[in-house]
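In: Structure for this input, please:
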Amino acid sequence: MSTSREPRSEEDWRPAASLEALRARAELLRDLRAFFYARGVLEVETPQLVRHAVSDLHLASFDTRFYGPGADAGTDLYLTTSPELAMKRLLAAESGPIFQICRAFRNGERGRRHNPEFTILEWYRPDFDHLALMQEVEELLAAVLGVTSCDRITYQGIFEEIAAFSPHQATVPLVEEAAARGGISLSSFSDVDEGLHFLFTHLIEAQLGAERPIFIYDYPASQAALARVRQGDPPVAERFEVYFKGLELANGFHELVDAAEQRKRFEDDRANRKRMGLQVPDLDDAFLDALAAGLPKCAGVALGVDRLLMLKIGAATIDEVLAFPLERA
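Out: Numbering: from 1, shown residues only. Reported below is the predicted structural model:
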């Protein structure tokens, strides 16, 4: 098999991160574990090599193949983009509150803030909603970054403030006009949600959390992912994201526990991936069976540890906090 790559320099054997940054990483991991141990949250481990690719339209899985006993023809396996589904299976098995610090893998993601292999912190709290979990995220940021307070604004509020229209009444012309006012070149998009996502990442995101972290919450119901939808006028997805100094740090949900609704959302994802020419994963029946058996009411959040470390030491790029990023791996 032939491969192509950039030639290595004589210095590529060295870590990209300084020894001071590596020590800061070790201290951060210690402090994160101490935060959860003090609160009686159980640390768990789940597989990073899994049988089902991600269905999220904005993520891509790495794939590989297992050959061994009982798999003479080979079995397709994938590096997990998040430990979420396996952790929810533990919750359904009555684990109680749990957390995990592990590697996650997302194909196609590389840049100043992205490495295809990265460290994720994910935790779940039975009997919490997304608002209660937002408070715990704020307490964690206070413990590891020393922030004294965080701001909160709804997804609708931040769009009205920066893009000058309500996302719940968004139309293609409104999205195009907001992009023009912001001086950004708007790529073609297939639906309004894709346009809103583009505006958020290219116009709004860089302006978030300049002085202190900010929580964006109550997203449009069409962007629920794995979150509950709260009925109202308009209905909203009970999810949040956390930003600080223009960096997205965390994504949290008041978790969907309805197996039938989750199956429908997965099927919708599969149909959309097929329409877009993307890989179409099989349904994760083990996860859906766990939901059917009874996932407790809970909230969960995934937080990027590398980005948290970038903020802690003032790093401008993710490579500054990784021993061996992609090009040196």
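
In: from here on, contacts and neighbour counts on C-alpha atoms
Out: OK.

In: In the sheet, which strands lie alongside the helix or strand bottoming out on mean pLDDT in the chain, parallel or antiparallel?
Out: Every helix and strand of the chain was ranked by mean pLDDT, DSSP states H and E. The lowest is strand 71-79, at a mean of 87. Strands flanking strand 71-79 in the sheet, each with its direction: strand 49-50 (antiparallel), strand 62-68 (antiparallel) (DSSP bridges).

In: Make CSV from the ones you listed and add mean neighbour count to it.
Out: Formatted as CSV, the entries for the strands paired with strand 71-79 read as follows, by neighbours: other Cα atoms under 10 Å:
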stretch, mean neighbour count
strand 49-50, 16
strand 62-68, 13
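
In: what's the neighbour count on the nearest residue to residue 68 once chain neighbours are set aside?
Out: When the adjacent residues along the chain are set aside, residue 68 lies closest to residue 74, with 7.4 Å between them (Cα to Cα, 6 or more residues apart in numbering). Residues near residue 74, counting by other Cα atoms under 10 Å, number 13.

In: What distance do you get for residue 74 to residue 20?
Out: Separation of residue 74 from residue 20 (Cα to Cα, to the nearest Å) stands at 44 Å.

In: buried set for stretch 41-52?
Out: 41, 42, 46, 48, 50, 51, 52 (16 or more other Cα atoms under 10 Å).

In: what do you get for stretch 26-40?
Out: 28, 29, 32, 33, 35, 36.

In: Tell me which entries of those residues lie within helices.
Out: Using DSSP state H, the members of the buried residues of stretch 26-40 that fall in helices are 28, 29, 32, 33, 35, 36.

In: Quote the end-to-end distance of stretch 276-288.
Out: Length of stretch 276-288, first residue to last, Cα to Cα: 25 Å.

In: Mind listing what's buried along it?
Out: For stretch 276-288, a neighbour-count test (16+ other Cα under 10 Å) marks 280, 281, 283, 284, 287, 288 as buried.

In: how about the nearest residue to the second one once chain neighbours are set aside, what does it touch?
Out: This points to residue 281. Across the structure, with Cα to Cα, 6+ apart as the measure, the residue nearest residue 281 apart from its sequence neighbours is residue 53 (5.4 Å). For residue 53, the set of contacting residues under the criterion of Cα atoms under 8 Å, 6 or more residues apart in numbering consists of 60, 61, 63, 77, 78, 79, 80, 281, 282.

In: just to revisit the earlier point, any chance of the buried residues of stretch 41-52 in TSV, plus distance to residue 170 and pLDDT?
Out: TSV is the format used below for the buried residues of stretch 41-52 (distance: Cα to Cα, whole Å; pLDDT from 0 to 100):
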residue	distance to residue 170	pLDDT
41	41	98
42	42	98
46	40	98
48	38	97
50	38	97
51	38	95
52	34	96
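
In: Specify which member of the residues you listed is nearest to residue 244.
Out: Relative to residue 244, the closest of the buried residues of stretch 41-52 is residue 41; by Cα to Cα it sits at 25.4 Å.
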